[in-house]
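> I would like the atomic coordinates for the input below:
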Amino acid sequence: MTSNEIRQKFLDFFESKQHRIVPSAPMVVKDDPTLMFTNAGMNQFKDIFLGNRAAKDVRVADTQKCLRVSGKHNDLEEVGVDTYHHTMFEMLGNWSFGDYFKKEAIEWAWELLVDVYGLDKDRLYATVFEGDEADGLEADSEAEELWKKFLPENRILRASKKDNFWEMGDQGPCGPCSEVHIDLRSDAERKAKPGRELVNADHPQVVEIWNLVFIQFNRKADGSLENLPAKHVDTGMGFERLCMALQGKTSNYDTDVFGPLISEISKLSGTKYTSSDSQTDIAIRVIADHVRAVAFAIADGQIPSNNGAGYVIKRILRRAIRYGYSFLGFKAGFIHKLIPTLTAQMGVAFPELKSQEQLVTKVIQEEEASFLRTLDKGIDRFNNYVSGLKGKTIDGAFAFELYDTFGFPIDLTELMAREQNLNVDIQGFEEGLQQQKERSRAATATESSDWTVLRKDDREEFVGYDLLETEVFITRYRKVSAKGKEFYQLVFNITPFYAESGGQVGDTGYIEADGQKTFIFDTKKENDLIIHFAKELPANPEATFKAVVNAEKRQATALNHSATHLLHAVLREVLGEHVEQKGSLVNPDHLRFDFSHFSKVSDEELIDIEARINAKIRENIQLDEKRNVPLNSAKEMGAMALFGEKYGDLVRVITFDKDFSVELCGGTHAKATGNIGLLKIISESSVAAGIRRIEAVTGEKALETVNEAYEQFNGLKQLLKVKDPLQGVEQLQTKIKELERKIEGLNAKAASGLKDELLAKAVDKGDYKMITEKISLDDAAAIKNLCFDLKKESGLVALLGVISSGKPGLHLVISDDLVNSKGWKAGELIRELAKHIQGGGGGQPTYASAGGNDANGIPAALKALPELLS
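Alright, predicted model coming up:
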């Protein structure tokens, strides 16, 4: 049975049990501040479990793409080393929202696994919750009795809270779970040792394949439990492990889920894969796993970057590159070459992979090239460090610097150290790593109290498309502490405040009751819940309030949002229909629009784009807004859906001329394009490979920008006393170049004369001569040329102190014959000397330089050289 057939059988089975089959949510999470990535199948249903929205269907099933690399589910370091942990994986799941419970969940699990898939029932085990005295919970005897219909008692195991009590987080919905494990060992191994002794013991062939979670409690902030008003079922079955069991393999990587990728990696590297624990096989597994995670993340709109979710993706990609570099001999980019194989394998089940294949390939290719350059710099840094090392142990702090700055894993540093018969201070490295983790945790630490519920309300309603003021009441609130600050989060029954989403910032404003105003400084979404941020709680939270949105800020933001729609449409006209939105920021001051395009947008193209947008603004095209449109109907209208966005069954369609711009959008907009007034592009740049960024301003800000440029233009005319400032600047540049050439000649002449002066001051040290002088030469090229001229002298050591561009510097020259006879190395010595000027440096044995911050330390550095050489 192929993996594609296994996936389809699961979906067909639950469809036959009256479950609605829903698509996978994006792997990158956008509206939940507690998550960067979807790490479990239940994430897209979190609001239902929390009671923030009602379920449209009480039974659903899907296959969800998930990513686990950080936080509670940190599996990254296990990936590739063992045979069953992954970064990106599929989670097959079925859910009941207040409908069926333990009986059906257990019976259907058995029916699917044994009757449909045909797994050997004698290899299956079930675990149930053993109870927990601290929580006042008894053992889950109900689940235990249900399993007795299918399994003998010796294959039904009670397990602790750690393994068999599922919790969403420190607070929130939770409940006991029942896991299905399978023993994939040979008959002889099973006879020698019963599988029950290896369940939950991290044995690679005795693994959990399905977790049935029975959500029936809510964990409060004080740690206590309360019953939920309705009981739910949340199940998750690891697709890759299921394929391993059904295809008779003992490793996930031996299934057809990974087979094509592993074959391609073996072919590209010329290394045969043998399913062993060798470093080459681990490297192949790491790469096969990681390319899936990176490709799906990029297809969902997350580009590798230096912060947040983008940094996680960059880490995963760089880990794969490092393994290929260290163990498979890849010295050039290769991971991008795997994308066609991945797309052919998974593009049908996940069409976003196919449609974004070119972008995914380009982004990975560019990131590979960038990181390989960084690796080369890191290797140079390592070699310089080793050249000055006294002893046989590389300092742990330096190993951590290589990890943190250059992306070197500790195993690569150890490998390079072994090649030079050196050791690495692992304890020091681990201390640096732990300190970094603690800093990261402290920066993101957030504590919140339980919600104080004032009134029951099924669902908060957004009325801000039509109203900027309305009467509201607070349905619930909680106190939050983050980064040393305390504030309150408020939820209303209805709200005119737009919550940050789709690139548009959240509204600000205030609520007022009994003459007291409480200011709202931000509005955000937590899944589908609109949360209003206030520095203080109103004196009477149960009052009826007048909610007022900052209208000026909202209007300016709306104009910029409509302008992004015009920009998107015009970009596709001018650059081509390959252009797709890849991110945006819309606030009152400006707009930022990221889009797929594989080359710089030329000045001529930018002029054309801006002119076309302003023509559309002058046309004063009226906004055509349609709400609650079925998603398929919206697509038939030509509305553009963005990959990586999660859409409901009903959507909002924003149109500015049905033949020009039709988009799915939940943001606020101008009533007509004429309201925008004017758009002025202020920059075009690269965000990542294949992703460009345009920033622009509209309305009054655009007019201010144009007026400022006009004033500068006139100022230049007056300053240069010319009618054409461009011509005047060109003339100035020509004069500057002439003067620079003259100065260069004078500096060279001065340096030539200075060489003779310095040689005359050289102190005879017996078998060599020494120069230690502070010189007055403020030209980097001239200083370097002087040092290279001195280096030609035999038997000479020269240390020159300079002040160049206001900064102190040291330049050390040692002639070739002294390097050979004395073993002196300028690169090592300069590091010690640089300490006197509070700086650092390095270089070659015959010439090295250093920069610093304390010019007063130059005399001490000059004085220290003879002592270092003695």
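
> What helix or strand is Ile474 located in?
Using DSSP states H and E, Ile474 sits in strand 469-482.

> What's the mean pLDDT across the helix or strand following that strand?
With elements assigned by DSSP H and E, the helix or strand that comes after strand 469-482 is strand 485-492. Strand 485-492 carries an average pLDDT of 93.

> which residues touch strand 485-492?
By Cβ atoms under 8 Å, 6 or more residues apart in numbering, the surrounding residues in contact with strand 485-492 are 448, 451, 460, 472-480, 511, 520-521, 529-537, 547. (C-beta placed from N, C-alpha, C; glycine too.)

> now swap in stretch 141-161 and tell me
Under Cβ under 8 Å, 6+ apart, the answer for stretch 141-161 is 102-103, 106-107, 110, 114, 121, 124-130, 132, 135, 139, 164, 176, 178-179, 195-196, 199-200, 214.

> Dump that stretch to PDB, restricted to CA.
In PDB, the C-alpha atoms belonging to stretch 141-161 read as follows (Å, rounded to 0.1, in the frame of the first residue of the first chain):
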ATOM      1  CA  SER A 141     -11.300   2.900  33.700                       C
ATOM      2  CA  GLU A 142     -13.900   3.800  31.100                       C
ATOM      3  CA  ALA A 143     -11.300   3.700  28.300                       C
ATOM      4  CA  GLU A 144      -9.700   0.600  29.800                       C
ATOM      5  CA  GLU A 145     -13.000  -1.300  29.700                       C
ATOM      6  CA  LEU A 146     -13.600  -0.200  26.100                       C
ATOM      7  CA  TRP A 147     -10.200  -1.600  25.000                       C
ATOM      8  CA  LYS A 148     -10.900  -4.900  26.700                       C
ATOM      9  CA  LYS A 149     -13.400  -5.600  23.800                       C
ATOM     10  CA  PHE A 150     -10.400  -5.800  21.500                       C
ATOM     11  CA  LEU A 151      -7.200  -6.500  23.500                       C
ATOM     12  CA  PRO A 152      -6.200  -8.900  26.300                       C
ATOM     13  CA  GLU A 153      -5.600  -7.100  29.600                       C
ATOM     14  CA  ASN A 154      -1.800  -7.700  29.400                       C
ATOM     15  CA  ARG A 155      -1.700  -5.400  26.300                       C
ATOM     16  CA  ILE A 156      -3.700  -2.600  28.000                       C
ATOM     17  CA  LEU A 157      -1.200  -0.600  30.000                       C
ATOM     18  CA  ARG A 158      -1.800   2.200  32.500                       C
ATOM     19  CA  ALA A 159       0.600   5.200  32.000                       C
ATOM     20  CA  SER A 160       1.400   8.300  33.900                       C
ATOM     21  CA  LYS A 161       0.200  11.900  33.500                       C
END
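
> And it, what's buried?
Neighbour-count burial for stretch 141-161 flags 142-144, 146-147, 150-151, 155-157, 159, 161 (criterion: 16 or more other Cβ atoms under 10 Å).

> cool, and stretch 220-233?
Neighbour-count burial for stretch 220-233 flags 225, 228, 230-233 (criterion: 16+ other Cβ under 10 Å).

> cool, stretch 42-54 as well?
Under the neighbour-count criterion of 16+ other Cβ under 10 Å, stretch 42-54 has 42-53 buried.

> In a markdown table: these, plus secondary structure and distance to Ala369.
Output for those, formatted as a markdown table (DSSP: H, G, I helix; E, B strand; the rest coil; distance: Cβ to Cβ, whole Å):
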| residue | secondary structure | distance to Ala369 |
| --- | --- | --- |
| Met42 | helix | 39 |
| Asn43 | helix | 34 |
| Gln44 | helix | 35 |
| Phe45 | helix | 40 |
| Lys46 | helix | 39 |
| Asp47 | helix | 42 |
| Ile48 | helix | 44 |
| Phe49 | helix | 44 |
| Leu50 | helix | 44 |
| Gly51 | coil | 49 |
| Asn52 | coil | 44 |
| Arg53 | coil | 45 |
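
> follow-up on the earlier one: just the buried ones out of the contacts of strand 485-492, please.
Among those, the ones that count as buried (16+ other Cβ under 10 Å) are 451, 460, 472-478, 511, 520, 529-534, 537, 547.

> related to what we said a few turns ago, using CSV, write out every CA atom in the strand holding Ile474.
Once non-C-alpha atoms are left out, strand 469-482 reads as follows in CSV (Å, rounded to 0.1, in the frame of the first residue of the first chain):
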residue,chain,number,x,y,z
GLU,A,469,-18.5,54.1,17.3
THR,A,470,-21.0,51.8,19.1
GLU,A,471,-22.2,50.7,22.5
VAL,A,472,-20.4,47.6,23.9
PHE,A,473,-20.0,45.7,27.1
ILE,A,474,-17.1,43.7,28.3
THR,A,475,-17.8,39.9,28.2
ARG,A,476,-14.5,38.9,29.7
TYR,A,477,-11.0,40.2,30.7
ARG,A,478,-7.7,39.1,32.0
LYS,A,479,-4.5,40.6,33.3
VAL,A,480,-1.2,39.9,31.4
SER,A,481,2.4,40.4,32.3
ALA,A,482,5.0,40.5,29.5
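
> What mean pLDDT does that strand get?
Per-residue scores along strand 469-482 average to 92.

> Next, the angle from that strand to strand 485-492.
Angle, strand 469-482 to strand 485-492, by axes from the mean of the first three to the mean of the last three Cα atoms, to 10 degrees: 140 degrees.

> Please shift the residue numbers so they start at 53 in all later answers.
Renumbered: residue one is now 53, and that last one reads strand 521-534.

> Double-check that Val121 belongs to a helix.
No - under DSSP: H, G, I helix; E, B strand; the rest coil, Val121 falls outside any helix and is assigned coil.

> Give the next helix or strand downstream of the helix or strand where Leu784 lies.
Per DSSP H and E: Leu784 is located in helix 777-812. Downstream of helix 777-812, the first helix or strand assigned by DSSP H and E is strand 815-816.

> Identify the residues contacting that following strand?
For strand 815-816, using Cβ under 8 Å, 6+ apart, the contacting residues are 821-824.

> got the buried residues for stretch 281-298?
Here stretch 281-298 shows 282-298 as buried, counting by 16+ other Cβ under 10 Å.

> Which parts of the stretch 503-652 of the chain are strands?
For the stretch 503-652 of the chain, applying DSSP state E, counting those that start in this stretch gives strands covering 504-505, 513-514, 521-534, 537-544, 546-547, 561-565, 568-578, 581-586, 596-601, 633-638, 643-648.
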